[in-house]
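Trainee: Sequence first, then the predicted structure:
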Amino acid sequence: MNSTNGKTMKMMSSQLFAPCGINCGVCANYLRKRKPCVGCLLGIIGKEPHPKCKIRLCAREHGFTNCFECKTFPCERIKHIDLRYQKSYGISLILNSLAVKENGIATFMEREARKWECPSCHERLSIHLPICSNCQQPNPFFPLSRKREQSN
């Protein structure tokens with residue numbers, strides 16, 4: 001944990017950056033208290049969290065840790081999931097991947113740790129949930145929260 005402005009910031013491991021560009025550290029499945037997911041990259045290294053994930057299997061079959069290492073990036077599978085995440089959560093997995101490619105995983109994950117900290121209780125927010133699972137305050141990065149703020 002690092003201290004910034006008197007607050008405690010929980011760091012995120014670079015092993016939480018999934019091959020497709022998702023930050024597993026802000027995934028609702030990873031953050032849940034009962035039977036949490038271990039993260040997609042850890043699945044490549046050892047455990048099998050999502051044995052049927054075609055993106056994860058493709059990266060492993062081609063010897064890549066991240067899809068952006070592939071000459072066909074972004075492929076149709078990545079474009080499809082990127083579009084879904086842009087529409088549902090306001091996040092581009094392609095842009096996440098390009099940021100990691102350009103600046104490195106450590107820099108990306110440090111920025112993500114600051115971004116996804118609940119402003120009220122300082123616990124980790126989920127990209128998939130409209131409220132903080134700890135204090136129930138609105139998640140300011142969830143698309144519906146942003147739309148409400150813009151209409152006020």
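Mentor: Structure received.

Trainee: Could you report the neighbour count for residue 84?
Mentor: Using other CB atoms under 10 Å as the criterion, residue 84 is surrounded by 11 other residues. For the C-beta atoms, the positions are set from N, CA and C on the backbone; glycine is no exception.

Trainee: which secondary structure element contains it?
Mentor: helix 76-89 (DSSP states H and E).

Trainee: In this protein, which residue is most central in space?
Mentor: Residue closest to the average C-alpha location in the chain (CA atoms, centre = their mean): residue 23, at 2.0 Å.

Trainee: host element of the closest residue to that one other than its chain neighbours?
Mentor: With CB to CB, 6 or more residues apart in numbering as the measure, residue 112 is the residue that lies nearest to residue 23, at 5.2 Å, once sequence neighbours are left out. Using DSSP H and E, residue 112 maps to helix 105-115.

Trainee: Pull the number of nearby residues for residue 95.
Mentor: Residue 95: 12 neighbours (other CB under 10 Å).

Trainee: That one: what's it in contact with?
Mentor: Going by CB atoms under 8 Å, 6 or more residues apart in numbering, residue 95 touches residue 21.
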